[in-house]
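Asker: Sequence and predicted structure, then a few things I'm wondering about:
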Amino acid sequence: MKYLLLIGLLINLIGCGDSLNKIETSLFPDGSYKLQKVQITENGKVTTEIRNQLKIYSNERYMFAFMHPSIGVDVGAGIAKWKDGIMTETPLFNHNGSVSGFEFDLSITQTETGFTQSLTGLVSEDGSILDMIEDWITISSQSSPYDGLWQLETTDLDPNIVSQIKMIGGSQFIELTRSKSGSDIQKQFNFGEFYNVSGTGIELIGVVGEKITNSSHKNNIGEIKTRTYELNGDNLIVTSSSVPGETVIHKYKRI
């Protein structure tokens with residue numbers, strides 16, 4: 001009897017250990033990540049690229065941005081669901097506007113410095129089929145009340161703005177703006193550091209700084225903007241000054 005009880009106890013301990021391991025590995029940390037390198041296989045040819053690309057995961061949302069060597073501005077954003085080592089991304093927006101009907105299962109292995117991501121069978125804009133292995137390093141997992149994916153509703157900055165998507169998380173931000181220029185649509189992204197200028201970072205109203213570290217417009221790199229962020233339910237109100245004495249208000253809704 002004691003022998004059977006001992007076996008049962010060992011089984012329970014092993015089972016508990018497995019459960020604990022599953023809990024630990026079932027969590028994917030929200031935060032900001034920088035691409036270290038990407039290995040691309042196309043028609044049996046393997047190449048490795050180094051590019052300045054940022055990705056943010058936060059509140060089951062994601063966004064990335066970089067300058068693609070062929071198409072230029074390359075941005076995507078949408079819903080991210082993590083389960084058993086697979087991140088399922090459902091795009092809602094890209095550099096051309098709203099999108100639907102797509103879903104990508106990314107195999108992710110967490111590492112000491114970030115994660116490795118694998119994607120097979122990706123169809124690019126020119127119709128090529130690609131397999132990609134990406135190595136990402138963690139920038140920060142620090143959170144703020146403003147983290148998440150936001151869509152611009154109203155702004156008094158520029159009447160030519162067609163749409164703007166913004167992601168905040170891991171002390172970083174990504175912003176994609178699409179604007180009318182005659183009969184054309186101009187696409188521009190900025191990304192960089194997102195930090196507190198004043199306050200503790202946990203209040204619903206705070207002054208933050210945004211330092212652009214990469215942009216599709218090179219002249220923007222290094223620019224620092226100071227803005228007041230205010231949360232109101234699922235709305236975010238951002239106040240800034242385009243010129244001294246002139247206040248600009250952006251109103252976003254949470255996606």
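Answerer: Done, it's in.
Asker: can you list the domains in the protein?
Answerer: Domain assignment for the chain, taken from automatic domain parsing, gives 31-140, 148-254.
Asker: Output the ones you listed as a markdown table; include the columns mean neighbour count and mean pLDDT.
Answerer: Using the backbone N, CA and C atoms, a C-beta is placed for each residue, glycine as well. Shown next, in a markdown table, are those (neighbours: other C-beta atoms under 10 Å; pLDDT from 0 to 100):
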| stretch | mean neighbour count | mean pLDDT |
| --- | --- | --- |
| domain 31-140 | 16 | 93 |
| domain 148-254 | 16 | 90 |
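Asker: Can you tell me what sits against stretch 129-141?
Answerer: With contact meaning C-beta atoms under 8 Å, 6 or more residues apart in numbering, stretch 129-141 is reached by 29-42, 54-55, 113-124, 170-172.
Asker: What of stretch 147-161?
Answerer: 30, 58-59, 61-63, 77-78, 93, 163-169, 177-181, 235-236, 242, 248-255.
Asker: got the CA coordinates for that stretch in PDB?
Answerer: Extracted as PDB, the C-alpha positions of stretch 147-161 are listed here (Å, rounded to 0.1, in the frame of the first residue of the first chain):
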ATOM      1  CA  ASP A 147       0.500  50.300 -24.700                       C
ATOM      2  CA  GLY A 148      -1.400  48.700 -27.500                       C
ATOM      3  CA  LEU A 149      -2.600  49.300 -31.100                       C
ATOM      4  CA  TRP A 150      -4.300  52.600 -31.900                       C
ATOM      5  CA  GLN A 151      -6.100  54.000 -34.900                       C
ATOM      6  CA  LEU A 152      -6.400  57.700 -35.600                       C
ATOM      7  CA  GLU A 153     -10.000  59.000 -35.600                       C
ATOM      8  CA  THR A 154      -9.600  62.700 -35.800                       C
ATOM      9  CA  THR A 155      -6.800  65.200 -36.000                       C
ATOM     10  CA  ASP A 156      -6.400  68.900 -36.700                       C
ATOM     11  CA  LEU A 157      -2.800  68.600 -37.900                       C
ATOM     12  CA  ASP A 158      -3.300  67.900 -41.600                       C
ATOM     13  CA  PRO A 159      -6.500  67.500 -43.600                       C
ATOM     14  CA  ASN A 160      -4.600  65.300 -46.100                       C
ATOM     15  CA  ILE A 161      -4.100  62.500 -43.600                       C
END
